[in-house]
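> Sequence and computational prediction follow.
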Amino acid sequence: MIAETVCSAVSAAGLGIAAVSAYRKRFLTAARLAAYSLLPVGLVLTGVVGWAADTAFSLKAWVGFGLLGAAWLIFLGTRAVERRRGGTRKERKAAKADRREAVAPTASAPSLGEGARPAAARPAAKPKTAAPAEDFSDIEAILKKHGI
């Protein structure tokens, strides 16, 4: 009974705001507000509000929601473990074999900009050598500049 009264009050307030919007020549907004404000009364008249109130205060319904939540958590947990492990041993071996067959041995790089050059055309990377002594002199100059 309280839910029906609250829904009626919300609908009346919404219709009042819609009337003010229509008075200000905002007809599209007024029509949307009227539609939204009629929803609570429609839900009361169809019995959805009564069903929701009966469900909210029913111990049996809350136990059912708890069991649904537990089932959902178990399902998600098993999915996470399955993803981490990769399924059964046969499934992992089959997936590994599929991955080997998926890439052609002589596949070329995609032709998109700089990364498209083959490895032979790219300049060879220079091996990193020890830093020259002049780098340390730069650091010493900076430290001296700051009085360290």
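Alright, I've got the coordinates.
> hey, let's count contacts and neighbours off CA atoms from now on
Will do.
> can you give me the helices for the chain?
2-23, 27-46, 48-56, 59-85, 89-102, 133-145 (DSSP state H).
> Just send these back as CSV, with mean pLDDT too.
Listed next are these as CSV, based on pLDDT from 0 to 100:
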stretch, mean pLDDT
helix 2-23, 92
helix 27-46, 93
helix 48-56, 87
helix 59-85, 89
helix 89-102, 73
helix 133-145, 81
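> With mean neighbour count as extra columns, can I get those helices in JSON lines?
Listed next are the helices of the chain as JSON lines, based on neighbours: other Cα atoms under 10 Å:
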{"stretch": "helix 2-23", "mean neighbour count": "16"}
{"stretch": "helix 27-46", "mean neighbour count": "16"}
{"stretch": "helix 48-56", "mean neighbour count": "13"}
{"stretch": "helix 59-85", "mean neighbour count": "12"}
{"stretch": "helix 89-102", "mean neighbour count": "11"}
{"stretch": "helix 133-145", "mean neighbour count": "11"}
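> Against Y23, how distant is D54?
Computed as Cα to Cα, to the nearest Å, the D54 to Y23 distance reads 40 Å.
> how close does the residue positioned nearest the centre of the chain get to R83?
Most central in the chain under Cα atoms, centre = their mean is L76, positioned 16.1 Å from the mean C-alpha point. Between L76 and R83 the distance, using Cα to Cα, works out to 11 Å.
> Likewise for D54?
For D54, the distance to R83 - Cα to Cα - is 40 Å.
> same deal with T5?
Taking Cα to Cα, one finds T5 at 51 Å from R83.
> repeat for L68
Distance from L68 to R83, by Cα to Cα: 23 Å.
> again, but for G47
44 Å.
> A19 is in contact with A30, isn't it?
Yes - using Cα atoms under 8 Å, A19 makes contact with A30 at a distance of 6.7 Å.
> Need the residues that contact stretch 1-21.
With contacts defined as Cα atoms under 8 Å, 6 or more residues apart in numbering, stretch 1-21 is touched by 27, 29-34, 36-41, 44, 49-50.
> just stretch 65-72 next, same as before
Applying Cα under 8 Å, 6+ apart, stretch 65-72 turns out to have no external contacts.
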